[in-house]
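# What shape does this take:
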Amino acid sequence: DIAWPEALGTLKHIQLGDQSIPASALTVDTPGKTGLSLKADNAPSFTGRTELRVTFASSLPSPPLQSDYEVSAGFGEGCEVSLIPGYPDNSNDFYYSAVSGAQSLHQHGVRGAGITVAVLDSGLWDHPALTKDTQGKDRVLARYDAIADTTTNVFDESGHGSHLTSVMAHSGPTLVKGKESPGYKGIAPDANIVAIKAFNEGGQGGMLDIVRGIQWAMDNRERYDIRVLNLSFSARPRWPYYLDPIKQAVMRAWAGGITVIAAAGNAGPEPMTVGSPGNLPYIITVGAVTVSWTVDTRADDYVPDFSSRGPTPDAHINPDSVAPGGHITGITRPGSGLLQDHPEYQLPSGELVMTGTSQAAALVSGLVALLLQLEPDLTPDDVKCKLLGTAEPAINKDGLLAYTPFQQGHGYVSITRAITLGERGCGNTDLNIM
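Just a heads-up that it's a prediction; the model follows:
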């Protein structure tokens, strides 16, 4: 079934690949809508990925939005697919800055200034929106390649690290109808950045390289005033958390004054799928929420199946909270591994749209930078107290939880509530990291 704006007129031609669809295949032909039924005697043959091209009788001065069309297709029994609605202007307005509450803070000058976030991932693309803040000043304080053990370059073959940094700190202004708004595309567009490379083009990272990267962040914490460490990766836990070398390094970072944000992983929806280092109980582990392409309401938000669930093998509740992680727009290096592997995720304007708890964790790292700008004396335990104590759990109309704590943790992170209602002294009170 295909539906379109009636102003486009009647359907003139349908083509699948280089083969035309015969008129006999049309089952419905009304203004703005048609149906196709392809059977053995009238179905074009194709293999792999094939383009469906539809031509209309009229054209419009400006192209209709993706959400103006409806396309659904069924292939045999139990196999159906539909066109996603999309966002009105995804390349100019990264919706999650507004949905997360960050954009409201941007208007009051709270943009993460003076707070350094270390991103341990695949490196960094030297794009002005990533390397410069909203005033055009350089804000990448250091680069460290934990694989080569050098500080000269962190070229991002994968593109994953650049995309996460974009989510966290893209300094480009949000455009509304072509005009700059008070908000910015990234969550903390004025935060300082330390880029630590521990993952290769294929997204693989060695245990020793990861530990070396975390240790370097600890060794240089005071030099660059590193306050936040983003760990948007996940692996199957192999040891109890207290015996795992990576988590031992992470615990040292937390105890040393660095707030560590980790991704829960994308191995859901089964229980006990939260990965390492997210299964470490001391830090802040983030699962994902998708907003279903509706930015003005939470009524249809949900925890997607891919978001990993708890409990952990050591019986801790994880994730700690959830945040937007569905169809997240950002920039990454042209020709990167991600773009080569997933060209369908790239917008015509060049941005890359990704989904996962990696993006949700990067978003929360940006929110923590905003919180620390306002309250720079917060300890990591205080940050955890404020975020988790004010998170909003999803609740059904009957008053019961829509998701268990193993699925949503304490709930949806709210930076506005954390700032206005958050308390200190309740983070990790039942855990002694020392």
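
# Which secondary structure element is home to Ser365?
helix 357-374 (DSSP states H and E).

# Mind checking the pLDDT average for that helix?
The predicted model assigns helix 357-374 a mean pLDDT of 98.

# Residues contacting stretch 421-434, please?
Stretch 421-434 has contacts (C-beta atoms under 8 Å, 6 or more residues apart in numbering) with 251, 254-255, 281-282, 378-390. To be clear about C-beta, it is placed using only N, CA and C from the backbone, and glycine gets the same treatment.

# Need the buried ones from those residues selected in ChimeraX.
Restricted to buried positions by 16 or more other C-beta atoms under 10 Å, the ChimeraX selection for the contacts of stretch 421-434 reads:
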select :251,254,281,282,378,380,381,382,383,384,385,386,387,388,389,390
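
# Return the distance of the residue lying closest to Ala3 once chain neighbours are set aside relative to Met354.
Closest residue to Ala3 apart from its sequence neighbours, by C-beta to C-beta, 6 or more residues apart in numbering: Glu70 at 4.0 Å. For Glu70, the distance to Met354 equals 25 Å [C-beta to C-beta, to the nearest Å].

# what does Val286 give?
15 Å.

# Among the two, which residue is more densely surrounded?
Val286 (33 against 22; other C-beta atoms under 10 Å).

# ok, and the closest non-adjacent residue to Val289?
Val322 (4.7 Å).

# tell me which element the one you found falls in.
Using DSSP H and E, Val322 maps to strand 321-324.

# Pull the residues that contact that strand.
Outside strand 321-324, the residues touching it (C-beta under 8 Å, 6+ apart) are 96, 99-100, 284-291, 303, 307, 359-361, 363-364, 367, 387-388, 391, 408-413.

# quick one on the thing from earlier: sort out for me which of the contacts of stretch 421-434 are in helices.
Judged by DSSP state H, helices contain the following of those: 251, 254-255, 380-389.

# Verify the assumption that Glu222 is located in a strand.
No - using DSSP: H, G, I helix; E, B strand; the rest coil, the assignment for Glu222 is helix, not a strand.

# Please tell me the pLDDT value assigned to it.
Reported pLDDT for Glu222: 97.

# ok so, going back, buried set for the helix holding Ser365?
Buried residues in helix 357-374 (16+ other C-beta under 10 Å): 357-373.

# now it and helix 380-389, what's the angle there?
Orientation check (axes from the mean of the first three to the mean of the last three C-alpha atoms, to 10 degrees): helix 357-374 against helix 380-389 gives 110 degrees.

# export helix 357-374 as CSV, just CAs?
C-alpha atoms of helix 357-374 as CSV (Å, rounded to 0.1, in the frame of the first residue of the first chain):
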residue,chain,number,x,y,z
THR,A,357,22.6,2.5,23.9
SER,A,358,26.0,3.9,22.8
GLN,A,359,24.2,7.0,21.6
ALA,A,360,22.0,7.1,24.8
ALA,A,361,25.2,7.0,27.0
ALA,A,362,26.8,9.8,25.0
LEU,A,363,23.7,11.9,25.5
VAL,A,364,23.8,11.3,29.2
SER,A,365,27.5,12.2,29.3
GLY,A,366,26.5,15.6,27.7
LEU,A,367,23.8,16.1,30.4
VAL,A,368,26.3,15.4,33.1
ALA,A,369,28.6,18.1,31.7
LEU,A,370,25.7,20.6,31.9
LEU,A,371,25.0,19.6,35.5
LEU,A,372,28.7,19.9,36.4
GLN,A,373,28.9,23.4,34.9
LEU,A,374,26.2,24.4,37.3
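
# one step back: for the residue nearest to Val289, name its beta-bridge partners.
Counting by DSSP bridges, Val322 is bridged to Gly287, Tyr412.

# Once you drop chain neighbours, what's closest to Asn230?
Going by C-beta to C-beta, 6+ apart, Asn230 has Ser365 as its nearest residue, at 4.2 Å.

# try Asn90
Spatial nearest neighbour of Asn90, excluding adjacent residues (C-beta to C-beta, 6+ apart): Thr329 at 5.4 Å.

# if I look at the one you found, how far off is Asp93?
Using C-beta to C-beta, Thr329 is found at 9 Å from Asp93.

# is it true that Gly337 touches Asp156?
No - Gly337 is not in contact with Asp156 according to C-beta atoms under 8 Å; the separation is 9.1 Å.

# And those two? Which one has more around it.
Legend: neighbour count by other C-beta under 10 Å for Gly337 and Asp156, higher for Asp156 (27 against 19).

# Name all residues that make contact with the spatially closest residue to the more buried one that is not a sequence neighbour.
Nearest non-adjacent residue to Asp156, counting by C-beta to C-beta, 6+ apart: Gly123, 3.4 Å away. Residues in contact with Gly123 (C-beta under 8 Å, 6+ apart) are Asp145, Val154, Phe155, Asp156, Glu157, Ser158, Gly161, Ser162, Ala195, Lys197, Phe199.

# just Glu157 next, same as before
Counting by C-beta under 8 Å, 6+ apart, Glu157 has contacts Ser122, Gly123, Asn200, Glu201, Ser336, Gly337.

# of all those residues, which comes closest to Ile261?
Proximity of these to Ile261 (C-beta to C-beta) peaks at Ser122, which lies at 16.9 Å.

# Mind checking the pLDDT average for stretch 28-39?
The average of the pLDDT scores along stretch 28-39 is 78.

# From one end of that stretch to the other, what's the distance?
Taking C-alpha to C-alpha, to the nearest Å, stretch 28-39 runs 16 Å from one end to the other.

# cool, and stretch 344-363?
End-to-end distance (C-alpha to C-alpha), stretch 344-363: 23 Å.

# sorry, back to before: was I right about the residue nearest to Ala3 contacting Leu83?
Yes - the criterion here is C-beta under 8 Å, and Glu70 meets it with Leu83 at 6.6 Å.

# The nearest residue to Ser276 once chain neighbours are set aside: how many residues sit nearby?
Leaving aside its chain neighbours, Ser276 sits nearest to Pro237 (4.5 Å; criterion: C-beta to C-beta, 6+ apart). By other C-beta under 10 Å, the residues close to Pro237 number 21.

# Perfect, that will be all.
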